[in-house]
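Q: have a look; sequence and predicted model below, questions after that.
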Amino acid sequence: MDFLDELKFLKEELKFKGRIKSTNYEKIVLAGMGGSGIAGKIFQDIYTKRPFCVVDDYRIPDFVDRNTLFISMSYSGNTAETMAATAAAMKRGAHVVTVSSGGKLSSYGDERIHIPRRDLQPRSAIGYMLIILMRSFGITADRDLKDAYSVLAKLDENNRECQKLAHDILSKKKIPVIYGGAPYKSVAYRWKTQFNENAKIIAYSSSFPELNHNDTMAIALTYGKKNFGFFVLDSEFDYIRKRARLTAKVAKAEFNFIKPQGKNLTSRLFYLIHYVDYITYYMAKERGINPADVHLVEEIKKGLKDVVV
């Protein structure tokens, strides 16, 4: 599967029916790294009913115990940090659910969710990962997913605006700065990582309202200001929208507002996730580089294979 086909496959991932059977626990912890862990970060922004935290390390919080639902996500099933965190959670007696397409992780856990093993980069499997969480905790329904599928299909057919933005960033040698606010804080981070992995360029992300307590002066007065391209993931919350527009005004900065499409939160989330897929794909194409290439990441993994925590 070439990378463009990989991107277009995202909408098909929304059809996945897998879900966690046992969710009635006091605390929820999700372990995951990179493209697998980002689903947990995005979910953390939209789920508020119980304590939920994301672990992106080898170690787990001290509060993990038998009253904890511990979700381990790794598309490959062999992520070292996630494997170590999972083993620690099992020792603590947590209810462990593993989500993978195979690998060592697929033999762990009280519940095991197997996602289809396809020729995907882990970051391209975000649909599988996020939908499992959204289905399991009642954040989405079939009608929402149907609309989300339609929204993604339309973006697959017409993404000329993404190609234009990609060319603009490259031709002006811009460093992307992505700002989000509830419920898209971690989607902004997803944009940052897609610029990193697909387009192979440095990017930065932050979120409202926190950035108004630190970034604001820098937006106005940083050196080389013309070298930064500011993007804002437009929120449906008025207090976020007003902050973003006022920040642009007082800092005398040009913000490119990206408005999500769709009738529900599921559609809007996936629209924003997919939008940057195309921007970064076209950037890689224009640069003549392979968006799927992560050989340096793999080199680091090999160099650390004997690490003991």
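A: Sure, I can see it.

Q: please parse the protein into its domains.
A: Per automatic domain parsing, the structural domains of the chain span 3-139, 144-287.

Q: so which of these gets nearest residue 304?
A: Proximity to residue 304 (CB to CB) singles out domain 3-139 among these, at 7.0 Å. No exception for glycine: its C-beta is placed from N, CA and C like everyone else's.

Q: okay, residue 304: pLDDT?
A: We have a pLDDT of 82 for residue 304.

Q: which residues are contacting stretch 131-149?
A: Outside stretch 131-149, the residues within contact range by CB atoms under 8 Å, 6 or more residues apart in numbering are 11, 13-20, 23, 30, 39-40, 43, 46-47, 49, 71, 99, 113, 115, 262-267, 270-271.

Q: the stretch 1-150 of the chain: strands as residue ranges?
A: Using DSSP state E, counting those that start in this stretch, the strands found in the stretch 1-150 of the chain span residues 27-31, 52-55, 68-74, 95-100, 111-114.

Q: before we move on, the earlier item: with mean neighbour count and distance to residue 305 added, can I get the domains of the chain in a markdown table?
A: What follows is those, written out as a markdown table (neighbours: other CB atoms under 10 Å; distance: least, CB to CB, whole Å):
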| stretch | mean neighbour count | distance to residue 305 |
| --- | --- | --- |
| domain 3-139 | 20 | 7 |
| domain 144-287 | 19 | 21 |
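
Q: closest one to residue 298 among the ones you listed?
A: Among the domains of the chain, domain 3-139 comes nearest to residue 298, with 10.9 Å by CB to CB.

Q: between the strands of the stretch 1-150 of the chain, which one is closest to residue 241.
A: Set against residue 241 and scored by CB to CB, the strands of the stretch 1-150 of the chain come closest in strand 52-55, at 25.7 Å.

Q: now residue 284, what's its secondary structure?
A: Put simply, residue 284 is helix when judged by DSSP: H, G, I helix; E, B strand; the rest coil.

Q: and the closest residue to it other than its chain neighbours, which of the three is it?
A: Distance criterion CB to CB, 6 or more residues apart in numbering; nearest residue to residue 284, sequence neighbours excluded, is residue 291 at 3.8 Å. Assigned by three-state DSSP, the conformation of residue 291 is coil.

Q: who's in contact with residue 291?
A: Counted by CB under 8 Å, 6+ apart, residue 291 has contacts 3, 197-199, 280-281, 284-285.

Q: quick check: the farthest pair among the residues you listed?
A: Among the contacts of residue 291, the pair separated by the greatest distance (CB to CB) is 197 and 285, at 14.7 Å.

Q: show me where pLDDT drops low in the stretch 201-309 of the chain?
A: By pLDDT under 70, the low-scoring segments of the stretch 201-309 of the chain are 306-309.

Q: now with 90?
A: The stretch 201-309 of the chain contains residues with pLDDT under 90 at 236, 297-309.

Q: all helices of it, in order?
A: For the stretch 201-309 of the chain, the helices defined by DSSP state H, counting those that start in this stretch occupy 215-221, 238-250, 265-287, 295-303.

Q: what's the offset of the last one from the middle of its chain?
A: Put plainly, it is helix 295-303. Distance of helix 295-303 from the chain centroid (CA atoms, centre = their mean, to the nearest Å) equals 21 Å.

Q: and if you look at the first one?
A: Using CA atoms, centre = their mean, we find the averaged C-alpha position of helix 215-221 to lie 26 Å away from the chain's own average C-alpha position.

Q: show me what it is packed against.
A: On a contact count with 3 or more CB pairs under 8 Å, 6 or more residues apart in numbering; DSSP states H and E, helix 215-221 meets helix 238-250.

Q: mind saving the C-alpha coords of stretch 183-194 as PDB?
A: In PDB, the C-alpha atoms belonging to stretch 183-194 read as follows (Å, rounded to 0.1, in the frame of the first residue of the first chain):
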ATOM      1  CA  PRO A 183     -11.600  19.900  22.200                       C
ATOM      2  CA  TYR A 184      -8.700  20.000  19.700                       C
ATOM      3  CA  LYS A 185      -5.600  20.500  21.900                       C
ATOM      4  CA  SER A 186      -4.100  17.100  21.100                       C
ATOM      5  CA  VAL A 187      -5.200  17.300  17.500                       C
ATOM      6  CA  ALA A 188      -2.900  20.300  17.300                       C
ATOM      7  CA  TYR A 189      -0.200  18.100  18.600                       C
ATOM      8  CA  ARG A 190      -1.100  15.500  16.000                       C
ATOM      9  CA  TRP A 191      -0.500  18.200  13.400                       C
ATOM     10  CA  LYS A 192       2.900  18.800  14.800                       C
ATOM     11  CA  THR A 193       3.900  15.200  14.700                       C
ATOM     12  CA  GLN A 194       2.600  14.700  11.200                       C
END
